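Undergrad: okay, predicted coordinates and the sequence, questions at the end:
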Amino acid sequence: MKIIGINGSPNKNGNTRILLEKVLGEVEKNGIETEIINLSEQKVNPCVGCMGCMKLKNKQCVIKTDSFNEIFEKIIEADGIVLGSPVYTADITAQMKAFLDRTGIVALANGGLLNRKVGAAVVASRRGGAVNAFDSMNHLFQEQQMVMIGSTYWNIAYGLAPGDVEKDEEAMVNMKNLGENISWLLEKIG
């Protein structure tokens, strides 16, 4: 079994990475393989609405000039994904939005490639917009018929400078519980 973490932050070692590592660290304790993909180290262009994926149905986007197809192939092979984004202008980052748009359409074009995979989202926020960002990522799970994993509260942590989210004790407990819940479910359905 494997869970892929998608870090939508332009800062690969910021607060969003800390949250993903906390969640996936719990998953790894249960013998499940994990990997974090930093969108800051990849190039993922926005969807251009060409509908080429709907015509070809080859489990790929027709745009071949970036890293999307390589990332998407890993997601298809995995048992689930944990999406992570900081809040930028009261929502997810542009990198995460481009990734979500292309992931959603290519998966749907190919008969629901993400159906029944596990999905969870985490958000790092300085102040406002956290619930909106959390909701934006959860839309992918809903439209793809994925199994959404919850925790003891919304998967949101507050902090500005890298490392500040670790001071949000309630959030860190929530991230730990989220990782435990992902592991539990994968054990039950695996």
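TA: Alright, I've got the coordinates.
Undergrad: is residue 25 in a helix, a strand, or coil?
TA: helix (DSSP: H, G, I helix; E, B strand; the rest coil).
Undergrad: now do the contacts for the nearest residue to residue 6 once chain neighbours are set aside.
TA: If the residues on either side of it in the chain are set aside, residue 6 comes closest to residue 83, at 5.1 Å by CB to CB, 6 or more residues apart in numbering. The C-beta positions use only the backbone N, C-alpha and C, and glycine is treated the same way. If you count contacts by CB atoms under 8 Å, 6 or more residues apart in numbering, residue 83 has them with 5-6, 8, 96, 100, 119-122, 137, 140.
Undergrad: what about residue 83, distance to residue 71?
TA: Residue 83 sits 12 Å away from residue 71, going by CB to CB, to the nearest Å.
Undergrad: hang on, the earlier thing: in strands, which of the contacts of residue 83 appear?
TA: 5-6, 119-122 (DSSP state E).
Undergrad: would you agree residue 129 is in contact with residue 86?
TA: No. In this structure residue 129 lies outside contact range of residue 86 using CB atoms under 8 Å: 9.5 Å.
Undergrad: so for these two, which residue has more residues nearby?
TA: residue 86 (27 against 18; other CB atoms under 10 Å).
Undergrad: state the mean pLDDT of stretch 110-118.
TA: Averaging pLDDT along stretch 110-118 yields 97.
Undergrad: can you tell me the SS state at residue 36?
TA: Residue 36 - assigned by three-state DSSP - is strand.
Undergrad: my read: it touches residue 17, true?
TA: Yes. Under the criterion of CB under 8 Å, residue 36 is in contact with residue 17, at a separation of 7.1 Å.
Undergrad: which of those two has more neighbours?
TA: Higher neighbour count among residue 36 and residue 17: residue 17, with 22 against 17, using other CB under 10 Å.
Undergrad: who's in contact with the nearest residue to residue 41 once chain neighbours are set aside?
TA: Leaving aside its chain neighbours, residue 41 sits nearest to residue 12 (6.2 Å; criterion: CB to CB, 6+ apart). By CB under 8 Å, 6+ apart, the residues touching residue 12 are 38, 40-41.
Undergrad: does residue 12 lie in a helix or a strand, and which?
TA: Residue 12 is part of no helix or strand when elements are defined by DSSP states H and E.
Undergrad: quick check, pLDDT for it.
TA: Listed pLDDT for residue 12 reads 95.
Undergrad: same question for residue 190.
TA: Confidence score, pLDDT, at residue 190: 79.
Undergrad: that one and residue 114, how far apart?
TA: On the measure of CB to CB, residue 190 and residue 114 end up 17 Å apart.
Undergrad: check residue 168 too.
TA: For residue 168, the distance to residue 114 equals 30 Å [CB to CB].
Undergrad: many thanks, I have nothing further to ask.
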